[in-house]
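Enquirer: sequence and predicted structure, then a few things I'm wondering about:
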Amino acid sequence: MEVAPIRLDLQFFAEEKTEPATPRKRRKAREEGQVTKSQDLTAAVVIASGLLGVLVFGGFFFRRLQLLFAQVMGYLKDPSMGGEEWLLLPFSRALGSYLLIWFPLGLACALAALGLMAYQVGLMITPKPLVPNLNRMNPVSGMKKMFSGRSFVEMLKGVLKALILLLMLYGALRKDLLTLLGAIGQPFGEGLGLVMWRVWVLCMKMTLMLMVLGLFDYAYQRWEFERSIRMSKQEIKEEYKQMEGDPLVKRRIRQRQRELARRRMMSDVPKADVVITNPTHVAVALSYDRKVAEAPVVLAKGKGLIAQRIREIARENRVPVVQNPPLARAIYAQVEVGEEIPESLYKAVAEVLAFVYRLRGGARRG
């Protein structure tokens with residue numbers, strides 16, 4: 001009897017990405033150009049800035065256009081103009097007026113766009129999004145993006161925006177059609193002003209609607225971005241290892257540091273004036289130099305095998321070894337290597353040093 005092969009999906013065993021992204025992952029995504037931003041919201045803010053600029057500078061624009069029109073008509077009537085001057089002079093005046101009219105409006109739109117982008121993604125310049133990526137040219141990846149959930153959402157957003165704008169345009173035309181037709185019978189200036197005002201109001205209403213849709217789009221983009229940079233618990237562990245180092249390596253480094261500190265401590269034992277012991281379990285090496293410190297300093301200390309090694313080095317270098325269990329335990333517990341003994345132990349240590357000095361005939365070694 002033939003047994004059908006069993007197919008296993010390795011993705012079934014993959015750990016799901018359920019954890020929020022770490023600051024390092026967010027920083028890396030930001031450097032690669034992956035940030036939360038809404039193009040719809042940016043476009044709506046730029047259009048609103050332009051409409052407000054037209055409202056603020058509209059009188060200035062109209063006066064400049066009147067002046068330009070009058071100048072051009074004056075040039076056409078001037079019989080002295082001919083040849084190239086007839087074209088170059090009006091063209092230069094028209095170009096200057098055009099730049100003067102649109103520069104403040106363009107500056108306002110640019111500042112609004114830069115301000116909104118800085119609010120959404122912050123101020124950061126990175127060339128990584130401009131680096132060629134062969135994966136972007138992969139047709140398989142392109143097909144996946146075309147039929148992904150994100151593309152479907154973008155299509156729905158586009159259809160929704162088109163329907164809302166068409167409905168608003170239809171409602172405005174149905175409401176203001178008679179008013180716009182009546183503007184034909186009015187003087188040119190009044191009729192043009194009425195038409196422009198109605199158009200401006202309609203554009204502002206549509207822009208505000210786009211801004212509301214842009215806010216919803218920004219919220220969706222933020223949710224989608226947070227979901228895309230989620231991490232699994234294993235990824236967080238791997239990142240922690242990369243940042244903090246492997247625990248095994250760190251433990252070896254700490255062990256190596258302790259060994260180096262112990263060797264350095266043992267090298268200072270021959271410089272000690274006395275070694276106080278427990279007598280076998282604890283050993284403390286002390287040194288006292290009035291020119292260096294106000295109180296005796298602990299050069300080395302240890303328990304067990306370290307204490308035994310301190311005693312051996314002391315005997316090899318003829319450093320006096322004094323048995324005083326209470327004092328040895330007190331110094332070991334209260335004072336670290338390189339520190340001075342506390343004032344509470346001055347009397348006991350002074351008695352030990354006095355005893356050592358008497359053994360040496362009243363003079364310190366060295």
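Expert: Cool, the structure landed.

Enquirer: ok, longest helix in this protein?
Expert: helix 188-228 (DSSP state H).

Enquirer: which SSE is immediately downstream of that one?
Expert: helix 233-244 (DSSP states H and E).

Enquirer: got a list of contacts for that following helix?
Expert: For helix 233-244, contacts defined as Cβ atoms under 8 Å, 6 or more residues apart in numbering pick out 15, 17-19, 22, 24-25, 231, 247, 250. Heads up, the C-betas are built off the backbone N, CA and C, glycines and all.

Enquirer: please apply the same query to stretch 258-267.
Expert: In contact with stretch 258-267 (Cβ under 8 Å, 6+ apart) are residues 299-302, 306, 309-310, 313, 337.

Enquirer: now, which of those lie within helices?
Expert: 306, 309-310, 313.

Enquirer: adding pLDDT and distance to residue 168, write these out as TSV.
Expert: Formatted as TSV, the ones in helices among the contacts of stretch 258-267 follow (pLDDT from 0 to 100; distance: Cβ to Cβ, whole Å):
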residue	pLDDT	distance to residue 168
306	87	85
309	88	90
310	88	90
313	89	93
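
Enquirer: tabulate those (CSV), appending neighbour count.
Expert: Compiled in CSV, the ones in helices among the contacts of stretch 258-267 are given as follows (neighbours: other Cβ atoms under 10 Å):
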residue, neighbour count
306, 16
309, 16
310, 27
313, 20
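
Enquirer: what residues of the strand or helix carrying residue 357 count as buried?
Expert: Applying DSSP H and E as the criterion places residue 357 in helix 346-359. Neighbour-count burial for helix 346-359 flags 348-349, 352-353, 356-357 (criterion: 16 or more other Cβ atoms under 10 Å).

Enquirer: packing partners for the longest helix of the chain?
Expert: helix 39-77, helix 149-182 (3 or more Cβ pairs under 8 Å, 6 or more residues apart in numbering; DSSP states H and E).

Enquirer: what about that helix, average pLDDT?
Expert: Across helix 188-228, the average pLDDT comes to 80.

Enquirer: now it and helix 39-77, what's the angle there?
Expert: Helix 188-228 runs at 150 degrees relative to helix 39-77, counting by axes from the mean of the first three to the mean of the last three Cα atoms, to 10 degrees.

Enquirer: can you give me the angle helix 188-228 makes with helix 149-182?
Expert: Following the same axes, to 10 degrees, one obtains 170 degrees for the angle between helix 188-228 and helix 149-182.

Enquirer: so residue 67 sits right up against residue 97, yeah?
Expert: Yes: counting by Cβ atoms under 8 Å, residue 67 does reach residue 97; the two are 7.4 Å apart.

Enquirer: between those two, tell me which one has more neighbours.
Expert: Neighbours were counted for residue 67 and for residue 97 using other Cβ atoms under 10 Å; residue 97 has more, 18 against 12.

Enquirer: so which bits of the host helix or strand of the more buried one are buried?
Expert: Assigned by DSSP H and E, residue 97 falls within helix 85-121. By neighbour count on 16+ other Cβ under 10 Å, the buried set for helix 85-121 is 90, 97, 101, 105, 108-109, 112, 116, 120.

Enquirer: so that helix versus helix 188-228, what angle?
Expert: Here helix 85-121 points in a direction 40 degrees away from that of helix 188-228 (the same axes, to 10 degrees).

Enquirer: what is helix 85-121 packed up against?
Expert: Helix 85-121 is packed against helix 39-77, with contacts defined by 3+ Cβ pairs under 8 Å, 6+ apart.

Enquirer: now the helix it packs on: average pLDDT?
Expert: 77.

Enquirer: and that helix, how far out from the chain's middle?
Expert: With Cα atoms, centre = their mean, to the nearest Å as the basis, helix 39-77 stands 40 Å off its chain's centre.

Enquirer: residues contacting the helix holding residue 357, please?
Expert: With Cβ under 8 Å, 6+ apart as the criterion, helix 346-359 contacts 273-274, 276, 286, 288, 295-296, 320, 322, 324, 326-327, 330-331, 341, 363-364.
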